[in-house]
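**Student:** just to be clear, the model below is a prediction. Sequence and coordinates:
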Amino acid sequence: MKSKNTWIQKSLLALIALMIAVPALRAEEWVRYQARPGSKIKIEGTSTIHDWAVEGGIISGAMELESNFPLDPAVKAPDSAKLNARVQVSIPVRSLKSGKTLMDDVMRGAMNEEKFKLIQYKLDSISMKPHKAGEALEYEADGVITVSGVSKPNKMSVKIEKISGTSLKVIGETPLKMSDFGIEPPAPSIGLGLIKTSDDVKVTFEWVTAQRK
């Protein structure tokens, strides 16, 4: 009987050890990168009188990559193009500046910044584009962009560069339409209706991240 009890005790101890070890192993499968200073975002458009742009340096959020996520351009891409990653970012509308107070006020009003203070992005899936060893790594990202409280699906190409052993820079650009997010292209009253902004804009960004310590 004693031998049977001893076996049961050892089995229970082994099971408890396994239950403790499994979450630890799972936690090690993902590497978390937190937003760091040095990021850049630029939104460009056109109007009836001149091109315009607003720029900012705040891209908050985090990115989690599976530990085997391909980041080395010297290595051939994996057979499976689908990759595991989680990304959520936000950009304060007020952080975007044109250098002209009037234009900034018009932009914030058009985006209803008092109610919707953030531009947000959430990744749904990511896959690697065809790649040969030595070529720059490029990925296809599918996600959702939320502007002025309206969420729309988005597909864009991004590059991920290693800045150091623990830091990454995500580089990308995507075209958007203001009207897709319920934003009426601004026509400043100071222009008596003669200044009209195009619906199409281009967003470019460099997002700097580093491993969470």
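**Tutor:** Good, I have the coordinates. All values reported here derive from a predicted model rather than from experimental measurement.

**Student:** what mean pLDDT does the lengthiest strand in the chain get?
**Tutor:** For the chain, the longest strand by residue count, based on DSSP state E, is strand 197-211. The average pLDDT within strand 197-211 is 96.

**Student:** in it, what counts as buried?
**Tutor:** Of the residues in strand 197-211, 197, 201, 203, 205-210 count as buried by neighbour count, 16 or more other Cβ atoms under 10 Å. C-beta coordinates here come from the backbone N, C-alpha and C atoms, glycine included.

**Student:** in this structure, where is pLDDT below threshold?
**Tutor:** Residues of the chain meeting the criterion pLDDT under 70: 1-28, 77-81, 187-194, 213.

**Student:** all helices for it, in order.
**Tutor:** Ranges of helices within the chain are 2-28, 101-110, based on DSSP state H.

**Student:** in this structure Leu137 contacts His131, no?
**Tutor:** Yes: contact criterion Cβ atoms under 8 Å: Leu137 and His131 qualify, at 6.2 Å.

**Student:** right, and Lys162 touches Leu71 too?
**Tutor:** Yes: with contact defined as Cβ under 8 Å, Lys162 reaches Leu71; the gap is 6.0 Å.

**Student:** can you list residues touching both of those two?
**Tutor:** Leu168 (Cβ atoms under 8 Å, 6 or more residues apart in numbering).

**Student:** shared neighbours of Leu137 and His131, anything?
**Tutor:** With Cβ under 8 Å, 6+ apart, Leu137 and His131 have common neighbours Pro73.

**Student:** show me where this structure has strands.
**Tutor:** Counting by DSSP E, the strands of the chain are 30-35, 40-47, 51-56, 60-66, 82-83, 85-92, 118-128, 138-147, 150-162, 167-177, 197-211.

**Student:** which of these sits closest to Pro185?
**Tutor:** Pro185 lies closest to strand 197-211 among the strands of the chain, at 4.2 Å (Cβ to Cβ).

**Student:** residues in contact with that closest one?
**Tutor:** 31-47, 52, 59, 62-63, 89, 163, 166-179, 185-187.

**Student:** in CSV: the strands of the chain, plus distance to Ala110.
**Tutor:** Formatted as CSV, the strands of the chain follow (distance: least, Cβ to Cβ, whole Å):
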stretch, distance to Ala110
strand 30-35, 26
strand 40-47, 11
strand 51-56, 12
strand 60-66, 22
strand 82-83, 36
strand 85-92, 16
strand 118-128, 13
strand 138-147, 11
strand 150-162, 13
strand 167-177, 13
strand 197-211, 9
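
**Student:** now for those strands, which one comes closest to Lys76?
**Tutor:** That would be strand 118-128 among these, by Cβ to Cβ, at 10.6 Å.

**Student:** tell me what angle that closest one forms with strand 197-211.
**Tutor:** Counting by axes from the mean of the first three to the mean of the last three Cα atoms, to 10 degrees, strand 118-128 lies at 70 degrees to strand 197-211.

**Student:** who's in contact with strand 118-128?
**Tutor:** Contact partners of strand 118-128, identified using Cβ under 8 Å, 6+ apart, comprise 61, 70, 77-78, 81-83, 85-93, 137-147, 153-154.
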